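J.: turn this into a model:
(2 chains)
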Amino acid sequence: MRHLKKNIFAVLIFVILLNLGVGLSNVSFPVEESEQGHDFSYSSNYKNDSDIERYTATANSDELLGKYEKSSREFIKTQIGDKIVYFHQRMINEAIVEKDFIVYQFDKYTKELIEKIVHWRSGLPEYVFLRVSKEEAEFIVDGDFLFSKLYFISSESDVFPITPTPENPCWVVRSIRNGNIIITIIDAMDSTILGYGIPPPYNGFAFSGPQNQNPCSGSWNSWIQNAENWFNKMGYPTNAVKWPTKSEIKSHVQDPHTILFYEIAHGRSWYFVGGCSNGSYEYTYAEDIEEWISSYPKKLFVFLGSCDGMCYTDDDTFSYEFRKGTSINTTTVGYCGMSSEACDNCWTNSLRWQDQMFLYIYQGHPVKEAFDFAIADYPMCKDCMRFAGDDSSIIKISYYTLIINAGTGGTTEPPPGTYTYDNGTEVTIRAIPNTNYKFEEWSGDASGTTNPLTITMDSDKSITANFIQIIYAPLNSAGQKVLNRSLSQAEYINVLTWQANPNNVNIVKYKIYQVEGRSQTLLVELNANTFEYWHRRVEKDKQYTYVLVAVNDEGEEGDPAYITVQ
Amino acid sequence: MKRLIGIIAVILFFSGLANATDLMIELKAHYLSPSEQAFKDIYGSGVMYGGELSVGVWKGLEIWFGGSYFSKKGELTYSKEETKLEIIPLGGGVKYRLLSGSLALYIGLGLNYYQYKETNPIGDVSKGGLGYIGKIGSYVKVIKGLFIDIYANYSYCKMKPADFDINIGGLEAGVGIGYSF
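T.: This is a model prediction of the structure:
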């Protein structure tokens, strides 16, 4: 069992590293190699643990691996799609060398080597001598301890952003405090807290049990999809599943990152039919939850969608066990009597009620308040829904989506795309115009011309950086006052002249304004081939100021050239 | 204008008192070289056409009445747009024949009323003004009463039709053909 756990952890690390796609030192090999991770579609395999055959292999024990690997290193052998994959995570004693690993990929059918990936840095010791024990490190951190690991942190680490990169091995201790996961990085030689790591995101879990058995069939798809959508929208990655196995339910109960839990299944306050085994219902009991969750954090929010799931909330009920017997910072809501005739009208509105409640939660209301608001909106559910837990508990919107767009003529930093940020994160976006373009303004959920722009992610946002082609001022603009006369009559003309700016394109005309005080009066529009304008009948002794601009085919005026004529 | 009519009336009065010994009618054309530089720059020189009536009043003294017409197109100084000028002098004065016979040299003086009109994109201007004219010339008898008049004039008329004080007179040299009754 212990060995299996170790293997599972190794595979998990493997998957994380592959998906991070980090670039490290590359070693030359005669076959196609890569510094990057690969799209193994691993997540789906991971969800179905039992489908993956994996075991430990060495060059001596495995003929296929032995053809290429000459060391005695242990590899995890597994099958991913049509590939046989060997993975070795570099360890120095019990210390994980972050981002150092070796992967062999073979064709499942031909057994030919497809690719070998090596990330292996030099300069690390062969052995680790620790001066700070695991227990001492765990004692240092705040909050409820979850687990700890020893790492040699990579200089390219994504999740342990410590500068400078520690040369010593570090204890990475994970704890939970005030509902937040804290990853504390402690120097394993002198117990200095070097900093904090980036925790993985919280997530949710939503499932439906079967509606019928022998054989099992049916599920409450709309309900779990609704929960899935809302959990995701709130920033807690969730995939709705039907008929999960007990082990799957257990893994989510024990996963400290799964803080939102949604079930809809046949059952009562102390059992539900979560899945199906051999065509028959598979029951999960409140006692199971009590046992599974005993060493793990309570859930922030649990929806018990069994007909009588929330009729009782004391000891040995789901509500009680998910809350671990407390009403602080934990909530449970759900049905009571939903299958009764009295709740028939509520059941027909239950999906909308649920949707409304999640909406209120998403809007920032405490769960209890959202629950009450939804009841007020659907009063027929008043006697069919129950709440238990912390009246003030709020589901923090974990992250928001930022869509950055760039108009024609430029880009942004970060580049245009869709990003997710934790709630409250300040994001700075810089608009970067191309040559002959300039930043004009922000649009969408931002406005103004400040560049770079810093926004606070307190909602989903879509922001566009708009650029405009620079229309340069005409060159060599000048003006002079000339006398134009006949024998007896005279007029003065301000003769304005200029040249086209060769950097301009699509100029269709020029505009000339007369400036008087703070006002500008359009005098004339001239076609793009005209480079002289006579302002006739001007006063002999008056000073005139003009603004000359080129105008492109979109009607945009360019930079002004000022001309003053005495 | 009243002034001009008055002057002409006085001349006619004196002519009526005298014994008219000669009456000459003449058609004339002369070349005008304006005194004003701006005139030259804008319109240049040009030909004036006109006619004259002379009456001998006493010995070699004659009274003359005449008018002429000058029209010319030019360009504005900067814009080079077209400008058109018309000058019509009308007036009269005296001549005195210094010699008699087939070659009769004369000198004369007179007053002219100048009607000035200028049209161009800057504007249209029309104005009248008085000026004077001095004459010198010679009648050349051809046959019977027919004669040719060869003459030169100097005219002067200062006026300000619009923006400038201008002299629209100048040197004139021309020839006329007439008949003496």
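
J.: strands of chain B, residue ranges please.
T.: B:22-34, B:46-58, B:61-75, B:82-97, B:103-120, B:123-143, B:146-156, B:158-159, B:166-167, B:170-180 (DSSP state E).

J.: for the third one, packing partners?
T.: Secondary structure elements in contact with strand B:61-75, counted by 3 or more CB pairs under 8 Å, 6 or more residues apart in numbering or on different chains; DSSP states H and E, are helix B:2-17, strand B:22-34, strand B:46-58, strand B:82-97, strand B:103-120. C-beta coordinates here come from the backbone N, C-alpha and C atoms, glycine included.

J.: show me which positions of that strand end up buried.
T.: By neighbour count on 16 or more other CB atoms under 10 Å in any protein chain shown, the buried set for strand B:61-75 is B:61-68, B:70, B:72, B:74.

J.: farthest from the middle of chain B: give me that residue.
T.: Distance from the C-alpha centroid of chain B peaks at B:Ser79, with 32.0 Å (CA atoms, centre = their mean).

J.: who touches that residue in this structure?
T.: A:484, A:493, A:534, B:121 (CB atoms under 8 Å, 6 or more residues apart in numbering or on different chains).

J.: thinking again about what came up before, adding mean pLDDT, distance to chain A and mean neighbour count, write the helices and strands packed on strand B:61-75 out as JSON lines.
T.: Below are the helices and strands packed on strand B:61-75 laid out as JSON lines (pLDDT from 0 to 100; distance: least, CB to the nearest CB, whole Å; neighbours: other CB atoms under 10 Å in any protein chain shown):
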{"stretch": "helix B:2-17", "mean pLDDT": "52", "distance to chain A": "21", "mean neighbour count": "13"}
{"stretch": "strand B:22-34", "mean pLDDT": "93", "distance to chain A": "9", "mean neighbour count": "18"}
{"stretch": "strand B:46-58", "mean pLDDT": "93", "distance to chain A": "12", "mean neighbour count": "19"}
{"stretch": "strand B:82-97", "mean pLDDT": "95", "distance to chain A": "4", "mean neighbour count": "20"}
{"stretch": "strand B:103-120", "mean pLDDT": "95", "distance to chain A": "5", "mean neighbour count": "20"}
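
J.: one step back: who wins on neighbours among the contacts of B:Ser79?
T.: Counting neighbours by other CB atoms under 10 Å in any protein chain shown, A:Asn484 leads the contacts of B:Ser79 with 22 neighbours.

J.: per-residue pLDDT, it?
T.: On pLDDT, A:Asn484 comes in at 95.

J.: who's in contact with stretch A:440-459?
T.: Outside stretch A:440-459, the residues that touch it by CB under 8 Å, 6+ apart are A:399-400, A:402, A:405, A:413, A:421-431, A:439, A:461-468.

J.: got the CA positions of it in CSV?
T.: Extracted in CSV, the C-alpha atoms of stretch A:440-459 (Å, rounded to 0.1, in the frame of the first residue of the first chain):
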residue,chain,number,x,y,z
GLU,A,440,-4.9,55.2,-28.3
GLU,A,441,-7.0,54.0,-25.4
TRP,A,442,-8.3,51.1,-23.5
SER,A,443,-11.8,49.9,-24.1
GLY,A,444,-14.1,47.2,-22.7
ASP,A,445,-13.8,47.0,-18.9
ALA,A,446,-11.2,49.6,-18.8
SER,A,447,-11.0,53.1,-20.2
GLY,A,448,-8.6,55.9,-20.5
THR,A,449,-5.1,56.2,-21.9
THR,A,450,-2.9,55.2,-19.0
ASN,A,451,-0.2,52.9,-20.1
PRO,A,452,0.7,50.6,-18.6
LEU,A,453,-2.7,49.9,-17.0
THR,A,454,-3.1,48.3,-13.7
ILE,A,455,-6.4,46.6,-12.9
THR,A,456,-7.7,44.7,-9.9
MET,A,457,-9.3,41.4,-10.8
ASP,A,458,-12.5,41.6,-8.8
SER,A,459,-14.7,40.4,-11.7
